[in-house]
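Chemist: sequence plus the predicted model coming up.
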Amino acid sequence: MTKANNEANVSELETEEEPRIAVFVCHCGHNIAGTVDVEKVAESAKDLPNVVKAEHYMFMCSKTGVKMLQDSIKELGVNRTVVASCSKLQHGRTFAKAIEEVGLNKHKHQQVNVREFCSWVHKNDKEGATQKAIQLVEAGVNRARKLEDVETRKIPTTKAALVIGAGVAGLRAANDLAELGVPVTLIEKNSTIGGHMTQLNKTFPTLECPQCSISPLTNGVANHPLIDLYTLAQVKNVEGSMGNFTVEFEIKPRYVHDNCTSCGECSSVCPIEVPSEWDKGMSMRKAIYKAYPQAIPSTFVRDKQTCIGCNSCINVCPVQAVDFSMKTEKKTVNVGSIVVAAGFNEYDPSEIEPYHYGQDGYDDVITQLQLERMLSPTSITNSEVLRPSDGRIPKNIVMIQCVGSRNDQVGNAYCTGVCCKFAIKNARILKENYPNSNVTICYIDVRTPGLNFEELYKSAQEIGVRFIRGRPSEILRNPLTGELRVIVEDTLSMTPLQLKGDLVVLSAAMVPPEGIGPLGSRLHVLRSKEGFLKEFHIKMNPTLSSKGGIYLAGAIQGPKDISESVAHAGGAAALAAAHLVKGYIEKEMLIPKIDYSLCISCGLCKTVCAPAAIDVDQDRVYSVNEVACKSCGMCMPACPTGAIQLINFSDDQLRDEIIPLSGGEAHCHD
Amino acid sequence: MTSSEVGDFCDPMDAEIKAKIKNLVVFMCNECGQGAANTAGVARMGYDAAIRIVRVQCSGQVGPIQIMDALNNGADAVGVVGCCLGACHFFNGNILSMHRIKLMKKLFKELGYSDQFVNQWTARAAEGETSVGDFEDMVDRLAVAIKNKGTIKDGC
Amino acid sequence: MAVEVKVFQFNGCNKCFTESILLKLDSEDKVTYIENPKGWKEEKTDIAVITGYLLPEDGKILESITKNSKKVIGYGDCVTMGGIFALANQNGHKITPLKEFIDNASSINGCLGEIMELNQEIKGKSPVKLKGLCTVCKRKSTCDYMEAVHRQIEFEESDVCFNDLGYQCNGFVAQECKERCIDYDAPCRGCKPMVARSGIRMLGMFGTLMGNIEVATEHSVKGATDKLADEDDDITRSVPDVLGNFFRFTLPTSGLPQGRIPSTGSVLEDVFTGRLIEELPLIAGLLAGNKSISLVLNILEAYETGTKMEVGSCTKKIRKHLRKLEGDLGKATESQDAQQYKEITEKIRKIAGNMNLSNLFFGGFRSKITEYDNFDEYKAHPFDVVEGSYAHGCVEYKIDSDGKVTDFKIKEEAL
Amino acid sequence: MVKEKTFAFFLGCIMPNRYPGIESSTKFMMEKLGYTILPMERASCCPAPGVFRSFNKVDWMVAAARNICIAEQMDTDIITVCNGCFGTLQEVDHHLKENEDHKVLVNEKLKKLGDYEYKGSINVRHAAEVLGYEVGPWGIEEFLVRKVKARVAIHYGCHLLKPVSVRGLDSAEKPSMLEDFLEPLGAESVDFVEKYTCCGAGGGVKAFDGNASMTIFEEKMKNIDAVKPDFILSPCPFCHLQFETGQDWLNKNKGTNYDYPVIHLSQLVAYCMGMDQKQTGLQFQMMGKDYIFQSEEIKQEEEVS
Amino acid sequence: MSDSEQSEEQNREFKTDEDFDPEFFRNIERKSKIFSCIQCGTCTASCESGKWTALKTRNIIRKVCLGDLTVLKDPDIWLCTTCFACWERCPRNIQPTGVIMELRNYATKLGNISPNHRAVVGYLGNTGHAVPINDITKERRKELGLDELPPTLFKYKTEGEGKELENFKEFMFDLPPVKEEKKPKKKEEKK
């Protein structure tokens, strides 16, 4: 205790001005005064050191109350105010604004909550409540004594944004940002934009054409004057913080110049054929190819890995667009916000052995996305669903739900949430197209929440899709006939079934996309244990990532369907644009200060800082990034020497507040 | 705390012990903690007057220094209240805090005290009853701890 | 200007006392040594240097020392902060730092304290500003979260920060010192803290670094619990002796409440009980004064016999040499031949580092000990207590499954 | 240290007491391959994983640990040719190595049975695993004297591979260990429906309800019959027993006319390594008594040394 | 329990809370995992035995989750062939085979054990083998050049060396005594 006081005296001497504190205790009508003896509280506050005035008043938040506050500053030279009334959320801002009006920094106000924390909750214990209020006010005065000015700074931002990923979420975000007047750099890993949505046949619940839905967006983005689109591009390095990032990215060569007329001559002479990635292996493509006829950009692309370099395409191209000498380019952009819309991957079901996906003889086991490709009007089968093994129309189609999701064995405990809707939609389309076929969905639980989805489920039931509640244990192949059977228990009737499966469709989960790990670490963004990028707060801030200025859009944050992705992306775009359109970030400099005489450059503050707001230079000098810091103070206990202290929440300041609240009787000596 | 220690709350002894608890310092984070306590206040949910709330930015800000400051200066016990795990508004402050407190608990046991003089709870801003539940739990546990092992003040 | 210095040895270890013989080197000061302050005739003196730990009953003598001297200097951790012996405060002993008796005493921290600092303090020079140990440490660090805390026995040679390897190094809070444990591949124990309440700060720091569990979702089992810190987890369990790790030298000044574990007997017994086996030599080294080397080696050899460990020939040779040097040192102390004392100390330090660097002796078989070793076979081993407050005796101890020492007993009749 | 290339041969119950041919074949085979096979004196039943584990898990572990202790005293790994014995011994060994509490419990009870203490110093191996992964299809060739020409229906049995997390040998859904191994022996594996399912004998079902066991087996046999193999091969004497008695039962009760020889992995390998067919004990078996291997001598026995 | 109560019990098609003991199974070895069962039916579908017999694994797990102790009297739990197929495929890693084995342990304690199984335990106690040797095999062993008796517990028992088989019999697999099956008899008498 003695030492504590010594320290307190020293720091008081260091501050320039003698603290002069005014204390006001609010009655709040009967709300406070009905339980707490406000006079006694005000009286006790008078004796506290540095208190020049202590009064009580009926309604401090009224005009008169606020004027009392301001007058005390003007007349008595008060430089710190303490108001014991309601919570900081309720009127803390009122009083802070009031003292700001008369020239005091708003952080020189200390709000003491004697209503929510005291009078309202201790109605039956008036004596205890009064005692508590006295302690709370003393703590408030102690805290006020050392309060420091916190300046509010305007940090200019770079009016430009980067969007990573040009799937539906990325396109939407890019479009929205551009419409708000923010120049956008949109980078896409693949050679075409549009993402998974372009692969689909119909979208649920209204069975609309996804190509028609997305093409205004793809065309709009490709032709938008404010959007720079780069395909085959990947982020390499990110530096800076919210408002001012420097992003370096790499653009792989396309080997075909923009003057390509998309005539397809090159493709027709190319001797190489490989399964098309975009078509999920349901058709073949050449080594120089365009993923699909409507692809944007419509320029052809050469796949260097599979190309044998026969030069036939160069020779045949009427506009000499093919150029094998193109090199990887690097580009650096300065942006104020980053929107990550890297999407998702379809889970690879070959990990689940009993389903034998991808094994010899199991050609007729496909995924929903592959089925989607077959049904699509642009498919090689001309929208017919044909068995990959023999090209016949399947009579019995079985869909298996929850492949790779809700499965602890493969480590994906979550429910993807879209597979049920997806499967029901496809089952219905199949049943409509082939009324004589038997379409069965084997499910654990049908999850169709939301408007119009239960109706979709109902319509599928009505049209004759068979629903069996049970998770198939395996897909069994008769080696003699090649016939597939799905072994499942109908749990509702407790009957083990062996269903004929001419075509078995696996509803595979949505999993984080490839390369998300390196991307996350380049962005300094943390990931959830499922592997997706982690949002800042699961409920209140689902679009912000762990780092300020980097926003998440769509399925990169977690499984989402198209409408959710679009909505999420719109939200991300609005947040990302907010400080860019305004031109600056207004930030209270409530940030930690580092005492360099104590700092040992261990870097632990950097380790624990979730928003990555601690910078370090070559000489191992650590500093706080004013913009990125979120004022959480998490670095304070991590510092072994106590060198880093959050302004107005430092160890000393908190101790002064804690002492009266603890009873103030020192038991142990330092 | 072992399960036997939590066992019987309704002992008449407890009422006397509870009456002796005067200062229970609770660090509440600026987000869910303060939010829940405010909600409890607005809903007029009563709790023990010994609860003294200190506003901090995040439960991750409360280090052993603050906890020991409180205990040294006469607090009967210290509670740290933050958001639910995975819902920290500053990402993972509550988890960092939790591990520090686990170590402190171990330290108290090594010194021969109950480990209930410091503990961590969670609250949800919209549910005032979570914070009230926390406060009641704090007092209950403390009462049992004091009954079995005496107060920490004895040792100071 | 020559001053009159009196060095007082109170309780416990007399290593700092012995070290202060070096005060005589290159100095015109008149230095007197008082081994038994109780029988001290009160005389006026310029400077009084206090070594050894203090108990409340020493208050009277200290009062008279204060009265009779112009300046009082506490030399060594035992005086200034309680030191290792103060770990017995866990069991209700009342070892008290000097500041509780004398308000304006100046203090030289360290176990043992650095003689140069004492010399400067006597001369009245302003102390040199010392850097943090981490800033002079050559090891490379990333300072990431810890996945587990390892016992020091599992040590491997490396140029990576101890913290990154999972060993608890208290260098974060320590000032730079002359003989650095870290230079001898042993983590710092923090005998020379650079900030007040260093133990609490270290605890906070390590606790934070242990917090790298997966971010649980709100719906997971853990997310639903209200009482987060109730259950022990693997990583906190891997720190078997929190008190010994963080408060080894500073318990009385750390602000922790006084311990209430029932005492098992003398101060020494209480210090040892509950400590880890690998810490035994370290502590014992402090107790035995200038016989610390043989004591450490005795324990180690008992330990090796118990675990049927084989030590390399090089290690054996070094140990033999060390024993010889120790004998010489004893003679030098007896004859108060300061120059010789200094030379021998330098020699020992060249081989073994600081005298309490017992970790070094683990070097011979360090790599062979694995976490799967059990301690059953060497649960009871006697070792000798040769000096310090415990004149001649034999010690027996047991080790529990965690590697903690239990049933530590001093037997006076043996030897 | 565990002795190299030496095994304690755990017999179990069915092999020594019903099919001594398997025992002699195994000894022949392992010795030819250069392993030393030591008898495990005083070993008991493993005890069977289905039946005895169901009665009392602790006693089951104790009895199994006792068998492991016998091998521990000999400082050798255990080899067994029975899936059931492998299942019990390997699982108990695996479990006790990980679970300290149960180890203490088991050791307490072991003291009552005699001078035993479980330490966890050895491993339990199955002959199929030693052949498949240690000798391997790449290494068996040099030991072969003759090759068989046969289409074989391989039956793995359950406890050899499952649970995969405990056994860690091969995939449970599509194993290829035995198929790969038998290829150099000239045996062609034929695929049949539900190849990897249970024979119906395990888990005490054969004792509890013979009819139920036979119903399960009937389907299995139907599937095998559909592909008309030359013989049925299994690495497990209990499955062996089920295939033998099962065919007999079906012939008597269901009017079928099965006569597929049932051959243990050891028997086939021993035969190919030069053992006389008489010595493999095939003539004592119920099914396929008249079966003679269609074989092709590739070298003289003396060449193999 | 009187006969009238008995018959009422038999006619009743519904269950009440009193019929369940949710705490009973909470203590079994694999405690919490069973209760995370999502009743997906993978276990039953995998079950080789269940295709032909009354064994419905999912249903048994369900009863365990509910705390329905009648599952211990259910003869179906003895129809599992322990082929571990369900164990391999369960998406929640419940290990149904293990659960069934454990239920059998409890059932054995209650005396719900079939006479055949009792006999097998008898063999083990008397000979150290679940399948004891017979004379034909002894002959065949000799013919194949093996010892007449394998070097197992049984051999050393006949040689009168050591007490191990006795210990074995005494300490292992202590089964509850045979239940006197009165009730069915009574019914027959009534009829």
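Modeler: Noted; the coordinates are in hand. Residues are numbered from 1 along each chain as shown, chains lettered A, B, ... in the order given.
Chemist: residues contacting D:Ile292?
Modeler: D:Gln277 (Cβ atoms under 8 Å, 6 or more residues apart in numbering or on different chains). Where you see a C-beta, it was placed from the backbone N, CA and C, and this is true even at glycine.
Chemist: same check, this time on the one 4 residues further on
Modeler: For D:Glu296, the contacting residues are D:Arg146, D:Lys147, D:Val148, D:Lys149, D:Gly186, taking Cβ under 8 Å, 6+ apart as the criterion.
Chemist: closest one to chain B out of those residues, please.
Modeler: Of all the contacts of D:Glu296, chain B sits closest to D:Gly186, with 60.4 Å by Cβ to the nearest Cβ.
Chemist: isn't that closest one right up against D:Val145?
Modeler: No - if you go by Cβ atoms under 8 Å, D:Gly186 and D:Val145 don't touch, sitting 11.8 Å apart.
Chemist: can you list residues touching both of the two?
Modeler: Residues touching both D:Gly186 and D:Val145 (Cβ under 8 Å, 6+ apart) are D:Cys272.
Chemist: rewinding a little: in ChimeraX, select just the buried ones from the contacts of D:Glu296.
Modeler: To isolate the buried members of the contacts of D:Glu296 in ChimeraX, using 16 or more other Cβ atoms under 10 Å in any protein chain shown:
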select /D:146,147,148,186
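Chemist: and the two most separated of the contacts of D:Glu296?
Modeler: The span of the contacts of D:Glu296, defined through Cβ to Cβ, is set by D:Arg146 and D:Lys149 at 10.1 Å.
Chemist: need the overlap of contacts for the two.
Modeler: D:Ser295, D:Glu296.
Chemist: in chain D, which spans are helices?
Modeler: Shown for chain D, the helices assigned by DSSP state H span residues D:14-18, D:20-32, D:51-55, D:57-74, D:83-98, D:100-113, D:127-129, D:136-140, D:164-167, D:177-182, D:205-208, D:210-227, D:237-253, D:265-272.
Chemist: give me the number of residues near whichever residue of the stretch 1-150 of chain D sits closest to chain B?
Modeler: Nearest to chain B in the stretch 1-150 of chain D, going by Cβ to the nearest Cβ, is D:Asp101, at a distance of 18.9 Å. D:Asp101 has 8 neighbours, counted by other Cβ atoms under 10 Å in any protein chain shown.
Chemist: what do you get for B:Leu71?
Modeler: So B:Leu71, with other Cβ under 10 Å, has 29 neighbours.
Chemist: doesn't it belong to a strand?
Modeler: No - counting by DSSP: H, G, I helix; E, B strand; the rest coil, B:Leu71 falls outside a strand, being helix.
Chemist: my guess is it contacts C:Ile200. True?
Modeler: No - using Cβ under 8 Å, B:Leu71 makes no contact with C:Ile200, being 11.0 Å away.
Chemist: my guess is A:Pro388 contacts A:Thr367, does it?
Modeler: No - contact criterion Cβ under 8 Å: A:Pro388 and A:Thr367 do not qualify, at 11.7 Å.
Chemist: more neighbours: the two, which one.
Modeler: A:Thr367 (22 against 16).
Chemist: so which of the helices of chain D is nearest A:Glu564?
Modeler: helix D:164-167 (36.7 Å).
Chemist: ok, residues contacting the closest one?
Modeler: D:Gln90, D:Glu91, D:His94, D:Leu160, D:Leu161, D:Ser171, D:Ala172, E:Glu88.
Chemist: can you map out the helices along chain B?
Modeler: B:3-6, B:12-20, B:32-42, B:64-72, B:93-111, B:128-149.
Chemist: now the last one: average pLDDT?
Modeler: When pLDDT is averaged along helix B:128-149, the result is 87.
Chemist: tell me what that helix is packed against?
Modeler: helix B:3-6, helix B:12-20, strand B:24-29, helix B:32-42, strand B:77-82, strand B:118-122 (3 or more Cβ pairs under 8 Å, 6 or more residues apart in numbering or on different chains; DSSP states H and E).
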